Each structure stands twice: as C-alpha cells, then as structure tokens.
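# I would like the atomic coordinates for the input below:
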Amino acid sequence: MTDWLGMAPPPRSPHPELKARVLGRALRPRRSVWPLAAAALVLLVGGSGGYWATRTIRTLGAERDTLAAHLAALQDTVNSFIHGRATRLVQVPVSTGGRLGAVTIFADSAHHRWLVRCDGLTPNEPDQAYQLWFITDKGMKTAALMPMDQDRPMVMALNMPAGDSRVMGAAMSIEPREGSAEPRGPMVFHLLL
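Just a heads-up that it's a prediction; the model follows:
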C-alpha cells in the first residue's frame, strides 16, 4: 500500500548463498511415496498369504490326523477280523465270461459275519446281477445282491442269517437285476465249507 506513494524501499537482490540455498531446495527432486506404498502392499499381501497358508496347513493337518485315526481304527478292526482265531479263509477260483477271477471269504464264526471280496469277475449285463447265497441246513438263503457294473473288485461285509439255521457253505449265481428268492440263473460257484 505504501508502494503507490513511493515510500517502499527499493527491492534488493538476496545474498548469493541464500539465493543458491533456496533455489537448490526448490529444484531438488522430491522423494516419491510410491516405493513406500509398494513396500506396504508387499507386506500386506505377504502377511495375508502367510496367514492363509498357516490356517490351511492347520486345517489340513487336523483333517490328516482325523483320517489317520480313522484308518488305524479300521485297520485294527480288519486285522482282528481277518486274523482272529474264529476266522476261516476260503478262496474260490471262478470263471465268468471267459475271465478267471476269485471270491475270497473271511468267515468269522465268533461274530457271525463274513467279509467277502470279489476279484476279476466280468461286469454284469444291464439286466443282471451276481447274487451270493448262504447254503444252510434249511436251504439256500440270500446273502447279498451284487450288481457289478464296473471292472473292479467288490468288497462287502455280511451278517450270517439269524435264527436256528446253520451255515454250511456259500454259492453265487447270476440272477435278474432285482434278485430272486431262490437261485434260478447259472451258478458261478457252489461250495460247502
């Protein structure tokens, strides 16, 4: 405001060192925020990835431990069943559709159960199934209906017939898909124990 009256002091040039310092500071390259932001992003992604990996490893470890305990229990059951004193092993060679296979029976007389494994049997036609029979002193009683649609082994556990009938053997026949009350189809095997 005093300048229009001519009362303002005339402008002066700053000292050369002050001028150099001010210009140096003004022209100096500024530090960028991007490297810090990138480092923070890497830490965030790494931390969340580490958390996810740790959580997944713990979950899978717990699942593995559960499966291992379940497998040990099953192995104990199967071993006691197969190697028990009252267990009898019977293997029956069979031929179906020109293929050689086998039916293996683990007969446990103490617990009145059978464990049956069928290997190498020809897969059934769409309207047929294998039917396993108990041969008892009172006639044939159905044990299981086994439609085998795929070429792979079949395993099943069977309870022996209840009542006063005594199991004397086993038989297998090829029956209609829905099964039958007595063997009508071709016999795969007939075995007295």
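
# what about the strands in this structure?
Here the chain has its strands, by DSSP state E, at 87-96, 99-108, 113-119, 128-136, 139-146, 154-159, 167-176, 187-192.

# in the first one, what counts as buried?
With burial defined by 16 or more other Cβ atoms under 10 Å, the residues of strand 87-96 counted as buried are 87, 92, 94, 96. For glycine as for every other residue, the C-beta is placed from the backbone atoms N, C-alpha and C.

# ok, Phe106 touching Ala86?
No: with contacts defined as Cβ atoms under 8 Å, Phe106 does not count as touching Ala86, sitting 10.6 Å away.

# and those two? which has more neighbours close in?
Using other Cβ atoms under 10 Å as the criterion, Phe106 and Ala86 rank with Phe106 on top: 20 against 11.

# Identify the bridge partners of the more buried one.
Beta bridges link Phe106 to Leu89, Leu115 when assigned by DSSP bridges.

# ok, back up a step: take the strands of the chain and write them to a markdown table, including mean pLDDT.
Listed next are the strands of the chain as a markdown table, based on pLDDT from 0 to 100:
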| stretch | mean pLDDT |
| --- | --- |
| strand 87-96 | 89 |
| strand 99-108 | 90 |
| strand 113-119 | 90 |
| strand 128-136 | 94 |
| strand 139-146 | 92 |
| strand 154-159 | 90 |
| strand 167-176 | 93 |
| strand 187-192 | 93 |
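
# Go through the chain and flag its longest helix.
Counting by DSSP state H, the longest helix found in the chain is helix 34-82.

# Just want the angle from that helix to strand 113-119.
110 degrees (axes from the mean of the first three to the mean of the last three Cα atoms, to 10 degrees).

# change the start of the numbering to 32 and stick with it
That works, and once the first residue is 32, the last one we named lands at helix 65-113.

# what helices or strands is helix 65-113 leaning on?
strand 130-139, strand 144-150 (3 or more Cβ pairs under 8 Å, 6 or more residues apart in numbering; DSSP states H and E).

# Specify the residue ranges that define each domain of the chain.
63-114, 118-223 (automatic domain parsing).

# Comparing those, which comes out most buried?
Stretch with highest mean neighbour count among these: domain 118-223 (a mean of 15; mean count of other Cβ atoms under 10 Å).

# Could you tell me the end-to-end distance of that domain?
16 Å (Cα to Cα, to the nearest Å).

# that older thread, for Arg52, find the nearest of the domains of the chain.
Proximity to Arg52, assessed across the domains of the chain by Cβ to Cβ, is greatest for domain 63-114 (23.1 Å).
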